[in-house]
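Chemist: only geometry, no sequence info:
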């Protein structure tokens, strides 16, 4: 350990020494007043190239056609891409739309977001409340629920794919119990159920953690005062815990909404969007249209992502407003 | 037993153990099975031979047919227990199978061939860990390559992330200059625009820079995280300005103030960002999927994905690879759980 | 070792002037204390000298060389901060050595200087510890040690004792004075505590609202405060003030009357005032004698007896509050009627219009 820390120290020192002279030179060149920009520059350059510039470019892609990646080779088509996406006789029936997969993806995403976020909140709240109780091994159980959060989406999907396969653990268990087995990921309804289940399984621990922090921020003397007032357990929950936890709940709601709208990785590996388009969500459509399918319809993908960005923007502004009011309140 | 029960029902409060406590316990035990069960199942399965994997219903532990070396035969023969007929109760090895009858031999008497109806016998099985699933990842598949790609991207991206983000955070936390608020708001605003929205134009920038099919195409777009800048800035605000002034009085250049005073004192926040960054880059999927199309550039996640997408899924190796991929994160989790959980609880980011 | 000169030094914060043209000359080897109420600009002035704040206007010279444009690290000064500002991630030894390493001092010399400073400040046994493991007094020594090893031209102290308890503060006061005697460096010391200023300073600068009110030796400030603010700020308990009107001016004395018609004789130069003008009479509590049956009648409001010394809080017939401080004990009680004696050689007189003091012709304090 000491050897390792000495090694780290040496590398750290060497890195410092090699950078000091040039940076000192820059510092003297720009003067103390502008030295802050010297520290900001690397981050801003990266931001500029990979965040700010792409935001602007996205609009150029959305308004141009063809499968060329270079903007100079792309003809201007105006709002054509948006028109293509939005061309629909009946928005509730994807079959009447020109881009029927896009609308199926939107329908699926809406259904997914409502189900997944709703169930996520219920289960993470229940788990957080239980973990907040005075129970031995609390730290262990907290770890249990948090562990899947760290796993990569691909790993999560493969784990469940293995459990859910035709001759997997779950079917074996069902047959053992005298029930018939199901081909889980081939049936449209079941595979939708499983993408909701698996994404909750994978991300619940994160929200449990935030809710637990919120629960622990409620001062214990409030509970003691309620006890002195003779409040019952349920009353304490409804009149004290829940109202005081509301700000945290809103944070969890908004964060999970933002994530759910962008869900992709686990589902892509678990079901590949199938069977058919039963589990194809909006980001999956963007990926397929822009990168997987030939020809690559960058314009359509960019237009779809701008529509998605609009939704996310609203959700994020909501989050910022909530976080701010929580910080102030 | 009584002491165990006593331990499990122990509470810090004054009240006894009631119904809600039992329900809580039931929930937690069920939750533990649901959370850890599938992972454990994958780990156990990854040690099974192809034959054992194909077995249905599956056994919990990895079993393989017991074999025995018999004099006069080149290969070891599979061992069976005879359950009926003439040789009931004996242990025989199979030479070959013809229709419903198997030619078998008693290892003790290698010269005599015995005929047994296959209904009258049961294979002898023994616990056997198919370590070859793992070793073959290195010998037959390009696993070492994928591992190296993942490690390279994770380590390099994390070092750059910590360096660049902390420099920016330092400037935003410790200098007063015109445009400071504007820059900070601009960085925070990008939290609203996750990279998933700009896939197409980021791909253009990356390809213009010639970084398609290069690990740098994954690294550079990922390093300027607004989360990291925000996290570190908030922490650095708590470092007293007097310390920086003291260092300046001690002849320290601004770079030295940052490197020798601010960085070491921000160690807790930097640790959190390091862990986050390792998690982010190790688990990254969509962006590498777009940028890295040649299999020799694949990260572990991409390799896993392409493996499972093949027509005949090779589960024995896929499961072993899955276990190796989740292993580092599991170690990180086991040793740094406290750091990670407090980091997330405080910053509300993942 | 260095002399320090400020000429018309000015500081603006976002267009608001915080320091109004300070002129000051600190002699080489002087222990100079900046004192004033909080918000008077004393810390800002110190930080400008240190190079941690820009100088908006005027000129700062160290050894006759203009240093306005030099960065903090180039001015060759060392500073002890109010919060100590010890680097929490370094041991005491590393704290002391950091500044020397920054200017690439040879290792052997660093070792020698750190050891010497540690011995002088009696912190040798803590050299391997982190600041967190030290008591307040020990941290204070380390902070001073960090300045000492640098062998700076000028030492700067920014309220270094305000985080210590009363007893330790007295001890550290004497140690810093002893340090100054031993090293002989120029030192500039900022404090809001006039006791610290009086006990440690060669010269005191009294500041108020970004302006110098008076500059001089401690006793000069005590005996001949330039105005009512300095008179009230220096000395504890505070000087008693009585509003009055000039009755007449003679050679060597001025006679004034308070609202109740009581007359006071003050031995000051009356050439600057004329009868009818409003003034304020000042007398320090230690010079006010209460007792006997001659003098101005007062009633005793409350008494504090400390055993070795006593404080009497009295009220004059016109309602002015007076404090008397004397050595020993008293048999007086609350509510007693008594008489107060105002000796003219101990009294001060200030013009009401601008607070300026009239020149004292007799200085009773100096005569004792």
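Modeler: Perfect, thanks for sending it. Nothing here was measured: the structure is a model prediction, and the numbers come from that model.

Chemist: and the residue of the stretch 101-250 of chain B found nearest chain C, how far is that from chain A?
Modeler: Closest residue of the stretch 101-250 of chain B to chain C, C-beta to the nearest C-beta: residue B:250 (3.3 Å). Every residue, glycine included, has its C-beta placed from N, CA and C. Distance, residue B:250 to chain A, by C-beta to the nearest C-beta, to the nearest Å: 15 Å.

Chemist: OK, contacts around residue C:300?
Modeler: Residues in contact with residue C:300 (C-beta atoms under 8 Å, 6 or more residues apart in numbering or on different chains) are C:290, C:312, C:313, C:314, C:332, C:333, C:334, C:335, C:336, C:337, C:338.

Chemist: leaving out the residues flanking it, which one is nearest to it?
Modeler: Counting by C-beta to C-beta, 6 or more residues apart in numbering or on different chains, residue C:336 is the residue found nearest to residue C:300 once chain neighbours are left out, at 4.6 Å.

Chemist: burial measure for residue 207, as a count.
Modeler: You didn't say which chain, so I picked chain A. With neighbours defined by other C-beta atoms under 10 Å in any protein chain shown, the count for residue A:207 comes to 29.

Chemist: the chain in question should be chain C.
Modeler: Residue C:207, neighbours per other C-beta under 10 Å, totals 26.

Chemist: which residues does stretch B:65-84 contact?
Modeler: By C-beta under 8 Å, 6+ apart, stretch B:65-84 touches B:51, B:88-95, B:102, B:104-105, B:107, B:110-111, B:116-117, B:119-126.

Chemist: swap in stretch C:100-116?
Modeler: For stretch C:100-116, using C-beta under 8 Å, 6+ apart, the contacting residues are B:250-253, B:256, C:73, C:93, C:96-97, C:124, C:127, C:149-151.

Chemist: so how far is residue C:364 from residue C:348?
Modeler: Plainly put, residue C:348 is 11 Å away from residue C:364 if you go by C-beta to C-beta, to the nearest Å.

Chemist: make that residue C:249, sorry
Modeler: 20 Å.

Chemist: and residue 206, which helix or strand is it part of?
Modeler: By default, I'm working from chain A. Assigned by DSSP states H and E, residue A:206 belongs to helix A:188-216.

Chemist: chain C is the one I meant
Modeler: Going by DSSP H and E, residue C:206 is in strand C:203-208.

Chemist: now for that strand, which elements pack on it?
Modeler: Contacts defined by 3 or more C-beta pairs under 8 Å, 6 or more residues apart in numbering or on different chains; DSSP states H and E place strand C:203-208 against strand C:31-35, strand C:211-216, helix C:218-223, helix C:228-233.

Chemist: if we go to 6 Å?
Modeler: If you count contacts as 3 or more C-beta pairs under 6 Å, 6 or more residues apart in numbering or on different chains; DSSP states H and E, strand C:203-208 packs onto strand C:31-35, strand C:211-216.

Chemist: okay, these in CSV with mean neighbour count next?
Modeler: Listed next are these as CSV, based on neighbours: other C-beta atoms under 10 Å in any protein chain shown:
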stretch, mean neighbour count
strand C:31-35, 25
strand C:211-216, 19
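
Chemist: possible to save these as a markdown table with mean pLDDT and distance to chain B?
Modeler: Below are these laid out as a markdown table (pLDDT from 0 to 100; distance: least, C-beta to the nearest C-beta, whole Å):
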| stretch | mean pLDDT | distance to chain B |
| --- | --- | --- |
| strand C:31-35 | 95 | 17 |
| strand C:211-216 | 93 | 24 |
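
Chemist: shouldn't the residue of the stretch 101-250 of chain B closest to chain C be in contact with residue C:96?
Modeler: No - counting by C-beta atoms under 6 Å, residue B:250 stays clear of residue C:96, with 9.9 Å between them.

Chemist: closest one of the contacts of residue C:300 to chain B?
Modeler: Looking at the contacts of residue C:300 and their distance to chain B, the nearest is residue C:313, at 40.5 Å (C-beta to the nearest C-beta).

Chemist: what's the helix or strand the closest one falls within packed up against?
Modeler: Element membership of residue C:313 [criterion: DSSP H and E] is strand C:309-315. Helices and strands touching strand C:309-315, by 3+ C-beta pairs under 6 Å, 6+ apart, are strand C:296-305, strand C:321-327.

Chemist: and it, average pLDDT?
Modeler: Across strand C:309-315, the average pLDDT comes to 92.

Chemist: in that strand, what's buried?
Modeler: For strand C:309-315, burial by neighbour count (16 or more other C-beta atoms under 10 Å in any protein chain shown) applies to C:310, C:311, C:312, C:313, C:314.

Chemist: how far off centre is it?
Modeler: 25 Å (C-alpha atoms, centre = their mean, to the nearest Å).

Chemist: assumed residue B:159 was part of a helix.
Modeler: Yes - with DSSP: H, G, I helix; E, B strand; the rest coil as the criterion, residue B:159 is assigned to a helix.

Chemist: can you count the residues close to residue B:169?
Modeler: 30.

Chemist: returning to what we had before: sort out which residues of the helix holding residue A:206 are buried, please.
Modeler: Applying 16+ other C-beta under 10 Å to helix A:188-216 flags A:190-192, A:194-215 as buried.

Chemist: now do stretch B:44-60
Modeler: Result for stretch B:44-60 [16+ other C-beta under 10 Å]: buried residues B:44, B:45, B:46, B:47, B:48, B:49, B:52, B:53, B:58.

Chemist: re the thing from before, what helices or strands is the helix holding residue A:206 leaning on?
Modeler: If you count contacts as 3+ C-beta pairs under 6 Å, 6+ apart, helix A:188-216 packs onto helix A:100-131, helix A:138-150, helix A:242-261, helix A:265-270, helix B:315-347.

Chemist: go through these and pick out the most buried.
Modeler: The highest average neighbour count among these, using mean count of other C-beta atoms under 10 Å in any protein chain shown, belongs to helix A:265-270 at a mean of 25.

Chemist: quick check, it touching chain B?
Modeler: Yes - judged by C-beta under 6 Å from any C-beta of the partner chain, helix A:265-270 comes into contact with chain B at A:265, A:269.

Chemist: need the contact list for the nearest residue to residue C:325 once chain neighbours are set aside.
Modeler: The shortest distance from residue C:325 to any non-neighbouring residue, by C-beta to C-beta, 6+ apart, is to residue C:285 (3.9 Å). By C-beta atoms under 6 Å, 6 or more residues apart in numbering or on different chains, the contact set of residue C:285 is C:237, C:323, C:324, C:325.

Chemist: alright, calling it a day.
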